[in-house]
Structures are given as structure tokens and as C-alpha cells.
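*Asks:* Everything below, folded, please.
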Amino acid sequence: KRFYHGYSYYGFNDNYVALLFSRFTKEGYGAIIVPNDILKHSNAACSQQSIVMMELLQKKGMKTRKVGFQGKKNGGHFCFEVLYNGEWHFYDPNMEPDAALLNAHGRPEIASLVKNKDLLLQAYRQYPQDEILDIFPTYFYGRVNEFPAPTGIVFQKASRFMSEFMWIFCLAGFLLLRIKYRKFNSSQSYVR
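*Replies:* Model prediction:
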């Protein structure tokens, strides 16, 4: 209940380098993946919600792994699993399957849910069956305790640094050019 569904994007005041880069290349570069930055917004997509939960659980010493999906008709989805009591357990903070039903069945991992279509469909009964059967059987796992988008987080942290401190480099460059220009002009005046 923390987030409304929808991507959170960097604004000009947060990370203008990522914002501008995403406007000229691919919109996804501006979608926030740094967990603490996601928490500053009220919207979060499936990947963003899962990233926050995975980060929290890992800080508590638990093992997590990304679970991605790529349906043929309905696009992708992003969830995660957490390891406890010696087994993996599936969580979907975005589409919010029936938690009581899944808990009553031991909170199974996605592989078990896909094998038990009746349980899967009952857990996601608020969604059309064809959508659930298109997306969920296509699951794939990420590595244990690996950040789901390692290149993306490096880009976002670097672009945020640039957004905060680029003015210093621009000022330094301007001052250096000004000094060189003055030296050049003063040397030209001696030549005449």
C-alpha cells in the first residue's frame, strides 16, 4: 500500500543528466532504480517496488533473487523471491496476489506456482486468466543478492553526481579559458 502503480522518473531538480539523457535516447534511463530515490516518490512500477523490497530484505541479511517475466502478448513483469526456512518464496508487491491464499500454501516459489495453475489463477483472480497464463510461465531468475540492474545503477549514480557537481567543472573550465584568453590578449599587446 506504499506506492501507486506507475513509474517514478527523475525530475530536473533530482538528476537532470539522467532526465535529459532519457529524453534524447530511451525513456527508461530516467526511470529511477536507486532504492532510496524510489522511496521519495509515491509511484513505483513492478521493478521499482521489487527493488525496494529486495534491498530492504538484503539489509536484514536475507537472500533474494529477481524473478523476471516476458509474456508474448502482455509484456513483461518483475517480482522477486526471498530465501527463508531453506526454501525460496515468491513475492509480487505490484500485482499483489492473494497473500492469505499463498501463505496458506507455504508461500511457494514461482516454479511451483506455475506448475499449479489453479493456485496461480486463484491467487491472481483479479486479473484476466489469459494475461496470467501468458506472463507467469515465462519466468527467469536473476543471481542471488545481485542488484537487478547493475549497469543502470552505475549510470544513475554517476549522472546524479554529474547533476550535482557539473557546475563546478563548468565554472573551472570557464575560469581556465578566461585566464588563457587574458594571457593571450596580454601577449598580443606586447607584440604590437
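*Asks:* Contacts only, for the residue nearest the centre of the chain.
*Replies:* Residue closest to the mean C-alpha point of the chain, counted by C-alpha atoms, centre = their mean, is residue 33 at 3.1 Å. Residues near residue 33 by C-beta atoms under 8 Å, 6 or more residues apart in numbering: 47-48, 51, 148-149, 152-153, 156. C-beta coordinates here come from the backbone N, C-alpha and C atoms, glycine included.
*Asks:* do that again at 7 Å, thanks
*Replies:* Taking C-beta atoms under 7 Å, 6 or more residues apart in numbering, we find residue 33 in contact with 48, 51, 149, 152-153, 156.
*Asks:* And the contacts of stretch 143-156?
*Replies:* Taking C-beta under 7 Å, 6+ apart as the rule, stretch 143-156 contacts 15, 18, 29, 33-34, 51, 58, 63-66, 142.
*Asks:* and of the residues you listed, the nearest to residue 167?
*Replies:* residue 15 (14.1 Å; C-beta to C-beta).
*Asks:* State whether that closest one and residue 161 are indeed in contact, as I suppose.
*Replies:* No. Between residue 15 and residue 161 there is no contact under C-beta atoms under 7 Å: 9.4 Å.
*Asks:* Compare those two (neighbour count), which wins?
*Replies:* residue 15 (26 against 12; other C-beta atoms under 10 Å).
*Asks:* Quick check, pLDDT for that one.
*Replies:* pLDDT, residue 15: 80.
*Asks:* repeat for residue 191
*Replies:* 55.
*Asks:* same check, this time on residue 31
*Replies:* pLDDT at residue 31 comes out at 85.
*Asks:* What segments of this structure are helices?
*Replies:* 12-24, 35-38, 46-59, 99-104, 110-115, 117-123, 129-135, 150-191 (DSSP state H).
*Asks:* what angle sits between the last one and helix 12-24?
*Replies:* Between helix 150-191 and helix 12-24, the angle comes out at 100 degrees (axes from the mean of the first three to the mean of the last three C-alpha atoms, to 10 degrees).
*Asks:* Now do helix 150-191: distance to the chain's middle.
*Replies:* 31 Å (C-alpha atoms, centre = their mean, to the nearest Å).
*Asks:* now residue 114, nearest residue through space, not along the chain?
*Replies:* Nearest residue to residue 114, sequence neighbours excluded (C-beta to C-beta, 6 or more residues apart in numbering): residue 137, at 5.2 Å.
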